[in-house]
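K.L.:
Give me the fold of what follows.
(one chain, ligands or ions: 1)
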Amino acid sequence: MEVRSLGNTGLQVSALSLGASPFGGVFGEVSYQDCKRCLDSALDLGINFIDCSPYYGQTKAEAMLGRTLDRVARDKYILATKVGRYGAEATDFDFSAQRVTESVDESLSRLGVEYIDIIQCHDIEFGDLNQIVEETLPALRAVVAAGKARFVGITGLPLKVFREVIARTKVDTILSYCHYSLNDTTLENLLPVLEERNTGILNASPFSMGLLTGRGAPDWHPAPEAIKAACQKAAQHCRNKGASIEKLAVQFAVANPRLATTLVGTSKAEDIVSNVNCLTAPIDEELLSEVEAILAPIKDQTWPSGRTENND
Ligand code: NAD
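P.N.:
Numbers count the residues shown, from 1 in each chain. A predicted model of the protein is given here:
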């Protein structure tokens, strides 16, 4: 597995990495055995970066990930988790210094580790960016100074929030999702400013949270119907040609060397194996052009997330 430098952290992360949100049952029921097999296959195949959050499955994902990491040597993986988001409603966010500091301790305990590699503010578009810059990030830097985490990052959907925060303060990493996949590549517009600051770039959701899969998006998916329909049309086109949209989607995202890693969410070892295996095969350029043509009418369209003022 290729590894890439993550900004100025000194970390070398695998080009493909494991998103542990499905460990919390957010895409369907999961068992410990399945999650353990999934984690072990990921590590065996060279994936060394894992992302989680207390929000996923309302702490269930962290607890399950912690069980699967039990007895895995701590130097075998780079672990990221988050603070600030604890539920689906706007009222379920708390970016106060006190809450995020306590939250790190709770995550350490659920994950069963002594430190977190990257502690991230989760979906900052739901918060007040002044608070993120002036209160939350300083609190997380204190967590780093206390040895409980190594680096600090921010995550969110609207790219605007990254621009605003990194113009005002330093963060080690940003995690962007659903903005570098077959249907949306707008993260590219942000790359020059991130590269200028040597900020580590974590790209999540190459399937646009399930839109670009044969199974289709889960019920809770926030995309408008037109996006869902176009993605399903693209998936059907791949099926008609005996091909897999998942394979194309993973190859497409990982092929961009400017993204340190691409996080795919799964709790299934079979997904890990096929996602890793497809990286050694050449991308089918003809199929890619056909899929891009199908997705062209909705290309780069997104959906609102968080506070109105934090959206583009
Ligand atoms: P994704 O695009 O990775 O899609 C996940 C879905 O694809 C799941 O249903 C999974 O079962 C399925 N899948 C995975 N491999 C497959 C395969 N080979 N064949 C068929 N289906 C397959 O979306 P995601 O899980 O939301 O994102 C990945 C990770 O990125 C998350 O787990 C999380 O760690 C991170 N993330 C973070 C944020 C944030 O911080 N705000 C937001 C989104 C994602």
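
K.L.:
going forward, measure contacts between C-alpha atoms and count neighbours the same way
P.N.:
Noted.

K.L.:
Please report how far Ile15 lies from Pro282.
P.N.:
One correction, residue 15 is Ala, not Ile. 16 Å (Cα to Cα, to the nearest Å).

K.L.:
okay, and for the protein, where does confidence drop off?
P.N.:
Scanning the chain for pLDDT under 70 picks out nothing.

K.L.:
residue boundaries of the strands in it?
P.N.:
Remark: strands assigned in the chain by DSSP state E are 3-5, 12-14, 16-19, 49-51, 78-83, 116-121, 149-156, 173-177, 200-204, 261-265.

K.L.:
Indicate whether the third one makes contact with the ligand.
P.N.:
The reference is to strand 16-19. Yes: Strand 16-19 reaches the ligand (Cα under 6 Å from any ligand atom) through Gly19.

K.L.:
what helices or strands is that strand leaning on?
P.N.:
Other helices and strands packing on strand 16-19, by 3 or more Cα pairs under 8 Å, 6 or more residues apart in numbering; DSSP states H and E, are strand 49-51, strand 261-265.

K.L.:
Contact partners for Tyr77?
P.N.:
Leu43, Asn48, Phe49, Ile50 (Cα atoms under 8 Å, 6 or more residues apart in numbering).

K.L.:
Output the strands of the chain as TSV; include the columns mean neighbour count.
P.N.:
Putting those into TSV (neighbours: other Cα atoms under 10 Å) gives the following:
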stretch	mean neighbour count
strand 3-5	17
strand 12-14	22
strand 16-19	26
strand 49-51	25
strand 78-83	23
strand 116-121	25
strand 149-156	22
strand 173-177	23
strand 200-204	25
strand 261-265	27
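
K.L.:
export those to a markdown table and tack on distance to Lys36?
P.N.:
Below are the strands of the chain laid out as a markdown table (distance: least, Cα to Cα, whole Å):
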| stretch | distance to Lys36 |
| --- | --- |
| strand 3-5 | 23 |
| strand 12-14 | 19 |
| strand 16-19 | 13 |
| strand 49-51 | 13 |
| strand 78-83 | 16 |
| strand 116-121 | 20 |
| strand 149-156 | 24 |
| strand 173-177 | 25 |
| strand 200-204 | 22 |
| strand 261-265 | 14 |
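
K.L.:
Of all those strands, which one is nearest Asp92?
P.N.:
strand 78-83 (11.4 Å; Cα to Cα).

K.L.:
can you list the residues that contact the closest one?
P.N.:
For strand 78-83, contacts defined as Cα under 8 Å, 6+ apart pick out 13, 48-54, 95, 100, 103-104, 107, 116-122.

K.L.:
Cross-check the residues you listed against the ligand and keep the overlap.
P.N.:
Near the ligand, by the rule Cα under 6 Å from any ligand atom, you find Asp51, Cys52, His122 out of the contacts of strand 78-83.

K.L.:
tell me the contacts of Phe49?
P.N.:
Val13, Ser14, Ser17, Leu18, Tyr77, Ile78, Leu79, Ala80.

K.L.:
Quick check: of those, which lies closest to Ile272?
P.N.:
Ile272 lies nearest to Leu18 out of these, by Cα to Cα, at 8.4 Å.
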